[in-house]
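Chemist: after the sequence you'll find the predicted model.
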Amino acid sequence: YQSTCANKNRLEAEYADCKKKLMIAKQLISNLGGEKGRWDELAKKLAVFYTNLSGDVLISAGMIAYLGAFTSAYRNEISAEWVAKCLHHKIPSSESFSLQRVLGNPVKIRSWNINGLPSDSFSVENAIIIDNARRWPLCIDPQNQANKWIKKSYANSNLSVVKLSDSDYLRTIEISIQFGSIVVLENVGEELDPGLEPILLKQTYGKGQTQYIKLSQEIEFNKNFKLFITTKWRNPHYLPEVSTKLTLLNFMITFEGLNDQLLGILVKTERPELEAEKEKLIIDGASNKKELQEIEDKILDVLSNSQNILDDESAIDVLTEAKNKSNLIGERQAAADLTERTIDETRMSYQEVSREASCLFFVIADLGNIDPMYQYSLSYYIDLFTQAISNSQPNDELARRLDNLRSYFRSSLYNNICRSLFEKDKLLFSFLLTCRLAQFRGELDEQRWRFLLTGGLSLGEVLPPVPEHAQWIT
């Protein structure tokens, strides 16, 4: 009888335990079940990504090591050649390479954009190269974009800004190395101070558990120290030795990056409530993505570290809370994405003005090829654009308002730039503006334009026939 009672009690306890586990399992499935489709899809993508990892990382390493100083078009051309070579030698890699996809972190990229990094892919690639390169970056930054972005990103990290012309700049760098703070060395020329050599080459050595570096004296090297170097020179010629010590990066502004900036300025002035809402959504989106990533990491951590998930009530509570929070963030982000699309559609109606203004900037940027004295900063150009928005004729009808703005800005740009030109160059400037506008509108025959620039040197012996309507041409 006693034995039967003991068995009965044991069976009842086991039944209660099984029932409890079944309830927990049901709760777990209901909590995480909704994630199944998304995680399955992610697993498939990661499987393909993992297969192509060898080639993609090889090309990424090549891009970080060699392609930082080149333009976007040349980078794409070279990376396409590298992809073809990988496939030819049967190294698995993605058919279309993207540095942003391989090494980019969406949360980090969004925070960079908030801190002033232009949102075009070229600038984002540069930031990824800085983030992953082992050598200190040297940014070719005539428009001061990289400089502003770095200063804003590290504004709360005890940042020091120095120039080679400062008498105590080396002392400032030494202190920063000891305390692990950030240094921006700006306005460098084509030659760097030989005193920087140990820092550029990272000539550290260990004593026990501590790393040291020898400068004017032996100082402790803090691994949190970072050095950023920027130059305002448009086309500097650095010796090969400099390229081996530093990661050269081309931060020249692109058409897409400038268009994004000018569009923001225009919409902020014309529709301030719209631009304020857009900026709020960008910050909220970055926060949501960061939170979502933390939740996913938390779920994976709980699932991987729990010995028996059904016996671990605290783990179940964590998963339940994480799932509820994830659903809430998902709903919030979906609503924000819908609002952002609506705002973007409205912003796009102002796009034609910002795109035209962006293309004209590169006309005045190229005037330095005519005479080195003709140098114009991006901030000056943006001031001209802002003044044109304020001073052009207002109109309630959007199409008329945009026409007024375009014509006023073209006239204002021509008049203001002509003040700084020699008389002999004013006609040439007018011609360049006209040609650039015609190219922008697709009204310029590219073949004739190239013929004008090259003088027909590649025609060879066989001349094309004389056009019927131009028999007077010899």
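Modeler: Okay, I see it.

Chemist: report the contact partners of Asp120.
Modeler: Counting by CB atoms under 8 Å, 6 or more residues apart in numbering, Asp120 makes contact with Thr254, Glu256, Gly257, Asp260. Where you see a C-beta, it was placed from the backbone N, CA and C, and this is true even at glycine.

Chemist: and which of those residues is nearest to Val48?
Modeler: The shortest gap between Val48 and any of those belongs to Glu256, at 28.3 Å (CB to CB).

Chemist: residue contacts, that closest one?
Modeler: For Glu256, the contacting residues are Pro118, Asp120, Ser121, Phe122, by CB under 8 Å, 6+ apart.

Chemist: so where does it fall, helix or strand?
Modeler: helix 255-270 (DSSP states H and E).

Chemist: mind listing what's buried along that helix?
Modeler: 255-268, 270 (16 or more other CB atoms under 10 Å).

Chemist: packing partners of the helix or strand just after that helix?
Modeler: Past helix 255-270, further along toward the C-terminus, the next helix or strand under DSSP H and E is helix 272-305. Contact here means 3 or more CB pairs under 8 Å, 6 or more residues apart in numbering; DSSP states H and E; on that basis helix 272-305 packs against helix 106-114, helix 255-270, helix 313-348.

Chemist: other SSEs contacting the last one?
Modeler: Same thing as helix 313-348. Helix 313-348 sits against helix 2-32, helix 272-305, with contacts defined as 3+ CB pairs under 8 Å, 6+ apart.

Chemist: confidence-wise, which of those helices is weakest overall?
Modeler: Note on those: lowest mean pLDDT is at helix 2-32, with a mean of 66.

Chemist: sorry, back to before: could the contacts of Glu256 go into CSV alongside distance to Arg436?
Modeler: Below are those laid out as CSV (distance: CB to CB, whole Å):
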residue, distance to Arg436
Pro118, 21
Asp120, 20
Ser121, 23
Phe122, 20
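
Chemist: among those, which pair sits farthest apart?
Modeler: Greatest spacing in the contacts of Glu256, by CB to CB: Pro118 and Ser121 (9.8 Å).

Chemist: of those two, who's got more company?
Modeler: Applying other CB atoms under 10 Å to Pro118 and Ser121 shows that Pro118 carries more neighbours, namely 25 against 18.

Chemist: list the contacts for that one?
Modeler: Gln145, Ile253, Thr254, Glu256, Gly257, Leu258, Asp260, Gln261.

Chemist: how about the contacts made by the spatially closest residue to Thr210 that is not a sequence neighbour?
Modeler: In space, and not counting its chain neighbours, Thr210 is closest to Glu220: 6.0 Å by CB to CB, 6 or more residues apart in numbering. Going by CB under 8 Å, 6+ apart, Glu220 touches Ile177, Gln178, Thr210, Gln211, Tyr212.

Chemist: apply 7 Å and report the result again.
Modeler: Residues near Glu220 by CB atoms under 7 Å, 6 or more residues apart in numbering: Gln178, Thr210, Tyr212.

Chemist: next: Ile150.
Modeler: Val184, Phe228.

Chemist: which SSE is it in?
Modeler: Element membership of Ile150, judged by DSSP H and E, is helix 145-153.

Chemist: I'd like the mean pLDDT over that helix, please.
Modeler: Taken as a whole, helix 145-153 has an average pLDDT of 93.

Chemist: now it: buried residues?
Modeler: Buried residues in helix 145-153 (16+ other CB under 10 Å): Gln145, Ala146, Asn147, Trp149, Ile150, Lys151, Ser153.

Chemist: do stretch 345-358 as well
Modeler: Within stretch 345-358, the residues that qualify as buried by neighbour count (16+ other CB under 10 Å) are Arg347, Tyr350, Gln351, Val353, Ser354, Arg355, Glu356, Ala357, Ser358.

Chemist: ok, the second one touching Val267?
Modeler: Spelled out, that is Tyr350. Yes: look at Tyr350 against Val267 with CB atoms under 7 Å: they come within range, at 5.7 Å.

Chemist: among the contacts of Glu220, which are located in strands?
Modeler: Residues of the contacts of Glu220 located in strands (DSSP state E): Thr210, Tyr212.

Chemist: where is pLDDT lowest across the contacts of Glu220?
Modeler: In terms of pLDDT, the lowest of these is Thr210, showing 88.

Chemist: any idea how far it is from Ser181?
Modeler: As judged by CB to CB, to the nearest Å, Thr210 and Ser181 stand 18 Å apart.

Chemist: now Leu266
Modeler: According to CB to CB, Leu266 and Ser181 sit 38 Å apart.

Chemist: again with Val462
Modeler: From Val462 over to Ser181 the distance is 67 Å, taken as CB to CB.

Chemist: higher neighbour count, the two?
Modeler: Applying other CB under 10 Å to Val462 and Ser181 shows that Ser181 carries more neighbours, namely 19 against 5.

Chemist: what strand or helix carries the residue nearest in space to the middle of the chain?
Modeler: Centroid-nearest residue in the chain: Val124, 1.7 Å away (criterion: CA atoms, centre = their mean). For Val124, the enclosing helix or strand under DSSP H and E is helix 121-132.

Chemist: how far off centre is that helix?
Modeler: Centroid separation for helix 121-132 versus its chain: 6 Å, with CA atoms, centre = their mean, to the nearest Å.
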